[in-house]
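Undergrad: Need the 3D shape of this:
(2 chains)
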There are 2 protein chains.
Amino acid sequence: MARKPSIPKGTRDFSPSEVSKRNYIFDIVRKHFRTFGFQPIETPAFENSETLLGKYGDEGDRLIFRILNSGDFIDKVDDVTYSSKNSASIAPKISEKALRYDLTVPFARYVVMHQNEIDFPFKRYQIQPVWRADRPQRGRFREFYQCDADVVGSNSLLQEVELVQLYDAVFTSLGLHGITIKLNNRKILAGIAEVIGAGNHLVPFTVALDKLDKIGEGGVKNEMLSKGIPEAAIEKANPLFSLSGSNSEQLEVLRNMLSVTEAGSKGVDELGFILNTLEEIGLQSAQLAIDVTLARGLDYYTGAIFEVAAPEHVQMGSIGGGGRYDDLTGIFGLQNVSGVGISFGLDRIYLVMEELGLFPSGIDRSLELLFLNFGEKEALTAFKMATKLRKSGVLCEVYPEAAKIQKQLKYADKRQVPYVILLGEKEMEEGTFVLKDMRTGQQEIKPQKEVGNLSIKS
Amino acid sequence: MARKPSIPKGTRDFSPSEVSKRNYIFDIVRKHFRTFGFQPIETPAFENSETLLGKYGDEGDRLIFRILNSGDFIDKVDDVTYSSKNSASIAPKISEKALRYDLTVPFARYVVMHQNEIDFPFKRYQIQPVWRADRPQRGRFREFYQCDADVVGSNSLLQEVELVQLYDAVFTSLGLHGITIKLNNRKILAGIAEVIGAGNHLVPFTVALDKLDKIGEGGVKNEMLSKGIPEAAIEKANPLFSLSGSNSEQLEVLRNMLSVTEAGSKGVDELGFILNTLEEIGLQSAQLAIDVTLARGLDYYTGAIFEVAAPEHVQMGSIGGGGRYDDLTGIFGLQNVSGVGISFGLDRIYLVMEELGLFPSGIDRSLELLFLNFGEKEALTAFKMATKLRKSGVLCEVYPEAAKIQKQLKYADKRQVPYVILLGEKEMEEGTFVLKDMRTGQQEIKPQKEVGNLSIKS
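TA: Numbers count the residues shown, from 1 in each chain, chains lettered A, B, ... in the order given. Okay, here's the model as predicted:
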């Protein structure tokens, strides 16, 4: 009974200050989602297992948390399966539901189920936790929030343009300047593979290329070789390793290199349109950079690929990403619905903002004013005053007991209250109160009837 | 693959309009929690099973969703247990985690784990979903939100007073006037049982009394008889069935009836203090009513008991409840921490507000302005204008394709957009745009450079 309690590995409690800071980020993200016309939906924490399983590859399936059936669950396992003692065979017999692994598959399921109520193009946002049985490590949790904005039912590249603007608007509002939004296109990757003669090796080619940051040009080339990509092909890919100059210069190199492939040219056109339009409109604080090594979720994306890098001086992986997928809802039987979306990496954004000191001071303030308690009669008057102040939005409370004043002031200190009100016998007689600024120590005497006009500068 | 997808029984998708209305309620609840000095915490969706099991009685244990261990979970079941084929014995071997069943037990666990960081009295609020494998029915779901505010570490009855004020403030802000906050005290129930000579039958006595609303005086008396409560005792309880008059009159009857029992007198004193203090401070729109039949969570509460009834003309069970529990954290080894708290029944409040039409019109508006799309060049100008408007908080978007205007206007209608902007070749030449009020059909021509000053009255 009295064993010291703990929480499951990879999960977290959030203290008041952390909740406030996280909500600060959520509120800004949500505000911009809304101004861009995105609408909120929410889906259940668990889905039928068949909705989730098989959608994230074998590794994904292993990381999905399954929910045990209620009641006499063993009863539904046939004897042959039971005697196999094989977890993989038994699991589907004793578990019919599973926790949400991401927001994209539930969204696809939502679109298919609600297709008759939805007005397409449908711009939805969703901010909810997801769960993965991953090995926990720094910045990787078994429960974490995803913040996604997706548009389905429009092939227009203006959606891609708008999603980049949305990243820019959010990160600018958060004060997180100097981020880089990296852009690529799945069709460019396909075009490159084709041009260099590695069309049959598209996946190992892009997986290797994706590691350029980490293992360098030599490492990438070795990996390609080891995956059976011919040396001649790798040589032809050389221009990619030395792409430099402005975005339009790089685009020109790619255009020349890929002119002979249909997919590649299409990819270059799309990327060019997005870049040119954004240049025309202008961004507030984000940088744009072509990155042909960007491959994220290759099996999944079919057009634009986005990834957001934290400002250069911060050590942190990507803090956002997304792209265009041409067949989101096909897995649930609704064909030809193109989607494009982006995601914000809340936990990493939080860490970056902490590191750079970007949370405004006072956003985690939970109390602006404390009435010290000098006894029952005084407390009653204090309560009446607190009731008035709360109506005008002041965060305040009356200390619940007539404890020693030192104890009450210590509590005020710990809660970092900027103001306390003292209301003792003398003030009761005079119909006044003493307002003390806890930061300066300054005290002022004021009439009780003016408490409603008190302006609290916290 | 293409089977029509569904969601698990008892769970819900929330559409944009529903999310907006639910957030409207959450925002108001949260605002008042904050002005009363409550601080937010969040706990993980799943806890170690041992944290939850055994805390809600046998029925509760059955309703807890367990999470299947990852990997080769069968491997950890010993042969004897496995060959028993007994679900109850096997469950703990293949499942170590379980979904949150309420917010109170995780809160108690939080307080114990974080006791050294917490400044007591600790006023926390928590708004998160919980999961129960209950049989779904109207208004009862397997996934639903709880909104709780609790104070731990203070025995002061001023906390009870403040929690009643908090109910009053929230329901007044929601426009839900005419609610009744019913008050009782566990000690009064104990006192009554003692006085009538049914002290050994406290639980069946109060369980029966709790049904007065549903089965009437005769039904209650029959149930008491059938549970072995002597007829003489039941006769002595007669005054309870005919309690009437003002709260202070009822209090007087109880005071006389219970004067010989220590617990009973204490209960009457506490209830009296709460009622008198609230009468002194005044409430905005809620009614207070003594209800000695109120027993909620008898095993749990030790002092005040609250329950909120919807306005009389609405058919709905309680929309909130709470009380004082003297030993919240004892189950986790931290003794003598008294707590008192209340809960808001979000789903029922939502239903009542829908029924009474209390949601302000337009709170679920997701778009205030739509730019019709007349082609690539026009769209680019529209995009620039939208970028400006979004900076001043206008919810707007550019229709993504230069589709037929009828189709675009149909979309505008469905999204219930109050304004559209038309920006065709002619307007491009003139540097103007046409602002159309979709409700009146009225159109105005304005210069493009003044778009930033547009005031959108939606």
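
Undergrad: which residues sit in contact with residue A:96?
TA: A:48-49, A:67, A:69, B:8 (C-beta atoms under 8 Å, 6 or more residues apart in numbering or on different chains). Heads up, the C-betas are built off the backbone N, CA and C, glycines and all.

Undergrad: what does residue A:86 give?
TA: With contact taken as C-beta under 8 Å, 6+ apart, residue A:86 is in contact with residue B:74.

Undergrad: Am I right that residue A:288 falls within a helix?
TA: No. Residue A:288 is assigned strand when assessed by DSSP: H, G, I helix; E, B strand; the rest coil, not a helix.

Undergrad: Go ahead and confirm it touches residue A:164.
TA: Yes. Using C-beta atoms under 8 Å, residue A:288 is in contact with residue A:164, at 7.2 Å.

Undergrad: and for those two, which residues touch both?
TA: Common neighbours of residue A:288 and residue A:164 (C-beta under 8 Å, 6+ apart) are A:181, A:183, A:278.

Undergrad: re earlier: out of the contacts of residue A:96, which two sit at the greatest distance?
TA: Using C-beta to C-beta, the two most remote members of the contacts of residue A:96 are A:48 and A:69, lying 12.1 Å apart.

Undergrad: Just the local confidence number for the residue in the stretch 201-350 of chain A positioned nearest to chain B, please.
TA: Nearest to chain B, among the residues of the stretch 201-350 of chain A, is residue A:333, at 3.4 Å (C-beta to the nearest C-beta). What the model reports as pLDDT for residue A:333 is 90.

Undergrad: Would you check that it makes contact with residue A:112?
TA: Yes. Under the criterion of C-beta under 8 Å, residue A:333 makes contact with residue A:112 at 6.5 Å.

Undergrad: When these two are compared, which one has more neighbours?
TA: Using other C-beta atoms under 10 Å in any protein chain shown, the more surrounded residue of residue A:333 and residue A:112 is residue A:112, with 20 against 12.

Undergrad: pLDDT score for the more buried one?
TA: Model confidence at residue A:112 (pLDDT) stands at 96.

Undergrad: where's it, which helix or strand?
TA: helix A:104-113 (DSSP states H and E).

Undergrad: Quick one: low-confidence residue ranges for the stretch 351-458 of chain A.
TA: Where the stretch 351-458 of chain A drops to pLDDT under 70, the residues are A:457-458.

Undergrad: let's see it at 80
TA: A:456-458 (pLDDT under 80).

Undergrad: Show me which residues of it are close to chain B?
TA: Residues of the stretch 351-458 of chain A found near chain B (C-beta under 8 Å from any C-beta of the partner chain) are A:366-367, A:379-380, A:383-384, A:387, A:389-391, A:393-398, A:400-401, A:411, A:414-415.

Undergrad: ChimeraX command for the buried members of those residues?
TA: Of these, the buried ones can be selected in ChimeraX as follows, counting by 16 or more other C-beta atoms under 10 Å in any protein chain shown:
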select /A:366,367,379,380,383,387,389,390,394,395,396,397,398,400,411,415
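
Undergrad: quick one: which of the residues of the stretch 351-458 of chain A next to chain B sit in helices?
TA: Under the assignment DSSP state H, these contribute A:379-380, A:383-384, A:387, A:389-391, A:411, A:414 to helices.

Undergrad: Now do the same contact list for the closest residue to residue A:413 other than its chain neighbours.
TA: Closest residue in space to residue A:413, ignoring its immediate chain neighbours: residue A:438 at 7.3 Å, by C-beta to C-beta, 6 or more residues apart in numbering or on different chains. Neighbouring residues of residue A:438 by C-beta under 8 Å, 6+ apart: A:412-413, A:417-420.

Undergrad: what do you get for residue A:381?
TA: A:423, A:428, A:448.

Undergrad: what sits against the second one?
TA: Under the criterion of C-beta under 8 Å, 6+ apart, the neighbours of residue A:428 are A:377-378, A:381.

Undergrad: Confirm it sits in a helix?
TA: Yes. Counting by three-state DSSP, residue A:428 is found in a helix.

Undergrad: and it, how far is that from residue B:280?
TA: Distance, residue A:428 to residue B:280, using C-beta to C-beta, to the nearest Å: 15 Å.

Undergrad: Is residue A:12 in a helix, a strand, or coil?
TA: What three-state DSSP gives for residue A:12 is coil.

Undergrad: circling back to that earlier point, closest one to residue B:187 out of the contacts of residue A:428, please.
TA: residue A:377 (25.3 Å).

Undergrad: Run through the bridge partners of residue A:307.
TA: residue A:182, residue A:321 (DSSP bridges).

Undergrad: For residue A:404, give its distance to residue A:373.
TA: In terms of C-beta to C-beta, residue A:404 sits 11 Å off from residue A:373.

Undergrad: Output stretch A:326-336 as PDB, nothing but the C-alphas.
TA: What follows is stretch A:326-336, C-alpha atoms only, in PDB (Å, rounded to 0.1, in the frame of the first residue of the first chain):
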ATOM      1  CA  ASP A 326      -1.400  11.900 -52.600                       C
ATOM      2  CA  ASP A 327      -3.400   9.100 -51.100                       C
ATOM      3  CA  LEU A 328      -4.100   9.600 -47.500                       C
ATOM      4  CA  THR A 329      -7.500   8.000 -47.300                       C
ATOM      5  CA  GLY A 330      -7.000   5.200 -49.800                       C
ATOM      6  CA  ILE A 331      -6.200   2.800 -46.900                       C
ATOM      7  CA  PHE A 332      -9.800   3.300 -45.700                       C
ATOM      8  CA  GLY A 333     -11.300   3.000 -49.200                       C
ATOM      9  CA  LEU A 334     -11.700   6.600 -50.200                       C
ATOM     10  CA  GLN A 335      -9.500   7.100 -53.300                       C
ATOM     11  CA  ASN A 336      -7.900  10.200 -54.800                       C
END
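
Undergrad: Which of the residues in that stretch are classified as buried?
TA: A:326, A:328-332, A:334.

Undergrad: Wait, a strand at residue A:8?
TA: No. Under three-state DSSP, residue A:8 falls outside any strand and is assigned coil.

Undergrad: Tell me the one of the contacts of residue A:428 nearest residue A:41?
TA: Proximity of those to residue A:41 (C-beta to C-beta) peaks at residue A:381, which lies at 48.3 Å.

Undergrad: what's the pLDDT at residue A:342?
TA: Residue A:342 is given a pLDDT of 97.

Undergrad: Let me see the backbone angles for it.
TA: With angles defined as degrees, to the nearest 10, residue A:342 sits at phi -130, psi 160.

Undergrad: what's the neighbour count on the nearest residue to it once chain neighbours are set aside?
TA: Leaving aside its chain neighbours, residue A:342 sits nearest to residue A:322 (3.4 Å; criterion: C-beta to C-beta, 6+ apart). Residue neighbour count, defined by other C-beta under 10 Å, stands at 26 for residue A:322.

Undergrad: so who does the nearest residue to residue A:424 once chain neighbours are set aside touch?
TA: Nearest in space to residue A:424, with sequence neighbours left out and distances taken as C-beta to C-beta, 6+ apart, is residue A:374 at 4.5 Å. Neighbouring residues of residue A:374 by C-beta under 8 Å, 6+ apart: A:402, A:422-425.

Undergrad: Repeat that for residue A:263.
TA: Counted by C-beta under 8 Å, 6+ apart, residue A:263 has contacts A:187, A:190-191, A:194.

Undergrad: Which of those residues fall within helices?
TA: Short answer: the contacts of residue A:263 in helices (DSSP H) are A:187, A:190-191, A:194.

Undergrad: In three-state terms, label the closest residue to residue A:191 other than its chain neighbours for me.
TA: Excluding the flanking residues, the one nearest residue A:191 by C-beta to C-beta, 6+ apart is residue A:264, at 1.8 Å. At residue A:264, secondary structure determined by three-state DSSP is helix.

Undergrad: what do you get for residue A:232?
TA: Look at residue A:232: counting by three-state DSSP, its state is helix.
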